[in-house]
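Visitor: Fold the following and give me the result.
(chains A and B)
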Amino acid sequence: MPRRKKIFSNAPKMEIQSGAQARQNKNVPHILKGFKDIMPNDQKYWQTLSRVVEKTAGQYGFQKIETPIIEDTSLFTRSVGKETDIVSKEMYSFVDQGGDNLSLRPEGTASVARAFIEHGMLNLPQPVKMYYEGPMFRHENPQAGRYRGLHQFGFEVLGSAAPVVDAQLILIASNICQEIGLKPGSYSIQINSIGCPQCRAEYKKELVLYYKAKRKYLCDSCKKRLVKNPLRLLDCKVPGCQSLKPDAPQILDWLDDSCKTHFMGVVEYLDALEVSYVLNPQLVRGLDYYTRTVFEIVAQGKEEMAQSAIGAGGRYDNLIETLGGNPTPATGFAFGFERMIMHMKEQEVKLKEKRTPDIFLAQIGQQAKVQALKLYERLRKEGILVYENFSKDSLKAQLEISNKLKAKYTLIVGQKEVLDGTVLLRDMDAGVQEIINYEKVTIEMKKKLQQ
RNA sequence: GUGCCCGUGGUGUAGUGGUUAGCACAGGGGUCUGUGGAACCCCUAGGGGCAGUUCGAAUCUGCUCGGGCACCCCA
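Guide: The predicted structure follows:
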């Protein structure tokens, strides 16, 4: 094939190929690493979860907000934190045609805070309660319950510092888990307070002091944490580091009076609400904006699963101010759709069965196809659930489909029926048929379906 | 970003250097040109990619891409 060779030699050489290009000589497109198509068969999980979120939000007076999935990069560097992993190494950032630095959102709270400021929501009755759901993007290596394209829903309350808000938010998170069908013992609520920046700084100093003295017993990554992220020292999994934990200073002992009072308030409300929770002094959060109350909903049972947090949240009293708004205390939480659904599947949560069609409409012949097309519209407008496969010509094939779909009845229109002005009605269970006047089909079918 | 395991039609799999790459399910068509839930027949479709070893590679080696899991970190 010398001719082909020549064509190739003229083509520009592809020195650098993207992953997607290198993969396919077949010229078949491929989904990006870490992204998932949500297939028709899975939609029932997504829809039930989404409905529970919407319903719960409504009950507690939260209104929906939708923000763009692309924002100015600085929104995230200023809110989530420049040094956090999410922003420093996981963000999908790019410069657009106009030279602006943009990023795909890695989380939802920053945008909500931005919208709060931008739309002057401080003039609304406080606090402002909003919820959101949608895709988020983080460039990390995929593993169980972790994707580059993930979906979250979140609840945010802006404009109140009251501990009762934190408690109610935790209650809402717990209610959603129950409402979705997770078994009561299958998840736990872990709570902690990481104080305000002032008392946290004091605590960090003390913590670093403690661990520095034991530096030689620390694992390599903990040595890095010592300077980079001291709070993380507390949840290291290496046994050697774990053994140092019991004697380490605890954040709760370092809270200043107002932070302490606040946290005690949260805990008291939770007790009064009989929400069971676990006080976890080691619980810290990765985003810079968190203050005071932090919590996580952790799925139990699957010990081997590393990502057990299905939802998490906390207070972010300084975020709005950091972004240039008036000082506005706020608190909220977010859940991962994928993680939630993973546990729904694990626990075999029962979902509403898909409705089987009332009627399958079959047709034979060109004239009949036209007639059936019209009949379909009449039935549809009457609210009857009708399926069809107008692209099939053989009656046998159509009956097979009807059977597979478990339709109660099949309506058959052929040449003969068109001429007679009738329709054949077949009862799929009984296997008996009767002739119905075309004009009376909708009335007859409604009658039949009511039985 | 790092480490470990894995990569055969749409799905589940068989095949350990030479096979027309087999089977099941799903899909399409037919036997039956107007009757399903049965049978039979036919068809579509596959070794992630690129190199190397070899007379010969799905099978061995390297790289790469992807998947799974874990670390870091996070929902």
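Visitor: which ones are touching the residue in chain A positioned nearest to RNA strand B?
Guide: Ranked by Cβ to the nearest atom of the strand, the top residue of chain A for proximity to RNA strand B is A:Gly286, at 1.0 Å. C-beta coordinates here come from the backbone N, C-alpha and C atoms, glycine included. Neighbour list for A:Gly286: A:84-86 [criterion: Cβ atoms under 8 Å, 6 or more residues apart in numbering].
Visitor: and with 6 Å instead?
Guide: Counting by Cβ atoms under 6 Å, 6 or more residues apart in numbering, A:Gly286 touches A:Thr84.
Visitor: That one: what secondary structure?
Guide: The three-state label given to A:Gly286 by DSSP: H, G, I helix; E, B strand; the rest coil is coil.
Visitor: Can you tell me how far it is from A:Thr84?
Guide: 6 Å (Cβ to Cβ, to the nearest Å).
Visitor: Which helix or which strand is home to A:Ser50?
Guide: If you go by DSSP states H and E, A:Ser50 is part of helix A:43-59.
Visitor: does that helix come close to RNA strand B?
Guide: No. Contact of helix A:43-59 with RNA strand B is not found when judged by Cβ under 7 Å from any atom of the strand; the minimum separation is 12.6 Å.
Visitor: Identify each buried residue in that helix, please.
Guide: Buried residues in helix A:43-59, counting neighbours by 16 or more other Cβ atoms under 10 Å, are found at A:45-46, A:48-49, A:52-53, A:56-57.
Visitor: residue ranges with poor pLDDT in the stretch 201-350 of chain A?
Guide: Counting by pLDDT under 70, the stretch 201-350 of chain A has low-confidence residues at A:301-305, A:307.
Visitor: near RNA strand B, which residues of it show up?
Guide: Counting by Cβ under 7 Å from any atom of the strand, the stretch 201-350 of chain A comes close to RNA strand B at A:221, A:225, A:229, A:232, A:236-237, A:284-287, A:296, A:304-307, A:309-312, A:334-336, A:338-339.
Visitor: The residues you listed in helices, which ones?
Guide: A:221, A:225, A:338-339 (DSSP state H).
Visitor: rewinding a little: next SSE downstream of the helix holding A:Ser50?
Guide: Next helix or strand after helix A:43-59 toward the C-terminus (DSSP H and E): strand A:63-64.
Visitor: Report the distance from that following strand to the chain centre.
Guide: Mean-position distance between strand A:63-64 and its chain equals 16 Å (Cα atoms, centre = their mean, to the nearest Å).
Visitor: Within its sheet, name the partner strands of it and how each one runs.
Guide: Under the criterion DSSP bridges, strand A:63-64 sits next to strand A:128-137 (parallel) in its sheet.
Visitor: pLDDT of the strand it pairs with, averaged?
Guide: Mean per-residue pLDDT for strand A:128-137: 97.
Visitor: Can you list the buried residues in that strand?
Guide: A:128-134, A:136-137.
Visitor: Stretch A:35-45 now?
Guide: Buried, per 16+ other Cβ under 10 Å, within stretch A:35-45: A:Tyr45.
Visitor: Show me the contact partners of that stretch.
Guide: The contact list for stretch A:35-45 (Cβ under 6 Å, 6+ apart) reads A:46, A:148-149, A:341, A:344, A:351.
Visitor: what about it, start to end distance?
Guide: Using Cα to Cα, to the nearest Å, the span of stretch A:35-45 from its first residue to its last is 18 Å.
Visitor: And stretch A:48-68, by the same measure?
Guide: Stretch A:48-68: ends 24 Å apart by Cα to Cα.
Visitor: starting at the chain centroid, how far to that stretch?
Guide: Counting by Cα atoms, centre = their mean, stretch A:48-68 is centred 12 Å from the centre of its parent chain.
Visitor: Contact partners for A:Leu319?
Guide: Remark: with contacts taken as Cβ under 6 Å, 6+ apart, A:Leu319 is in contact with A:79, A:113, A:289.
Visitor: The closest residue to it other than its chain neighbours - how many residues pack around it?
Guide: Setting aside the residues directly before and after it, A:Leu319 is nearest to A:Tyr289 in space (Cβ to Cβ, 6 or more residues apart in numbering), at 4.3 Å. By other Cβ atoms under 10 Å, the residues close to A:Tyr289 number 23.
Visitor: Same check on A:Asn123?
Guide: A:Asn123 has 8 neighbours, counted by other Cβ under 10 Å.
Visitor: swap in A:Glu400?
Guide: 13.
Visitor: OK, contacts around it?
Guide: With Cβ under 6 Å, 6+ apart, A:Glu400 has no contacts at all.
Visitor: ok so it is a strand residue?
Guide: No. Assigned with three-state DSSP, A:Glu400 falls outside any strand and is helix.
Visitor: Apart from its chain neighbours, what residue comes closest to A:Ser160?
Guide: Of all residues not flanking A:Ser160 in the chain, A:Pro127 sits nearest, at 3.8 Å (Cβ to Cβ, 6+ apart).
Visitor: So chain A: which segments form each domain?
Guide: For chain A, automatic domain parsing gives the domain ranges A:40-196+A:256-346, A:359-450.
Visitor: Ends of the shortest one, what's the gap?
Guide: When you say that, I think you mean domain A:359-450. End-to-end distance for domain A:359-450, by Cα to Cα: 13 Å.
Visitor: Same question for stretch A:73-85.
Guide: Where stretch A:73-85 begins and where it ends lie 14 Å apart, using Cα to Cα.
Visitor: Give me the spatial nearest neighbour of A:Ile117, chain neighbours excluded.
Guide: A:Gly325 (3.7 Å).
Visitor: got it, and A:Arg355?
Guide: In space, A:Arg355 is closest to A:Leu385, 6.3 Å off (Cβ to Cβ, 6+ apart).
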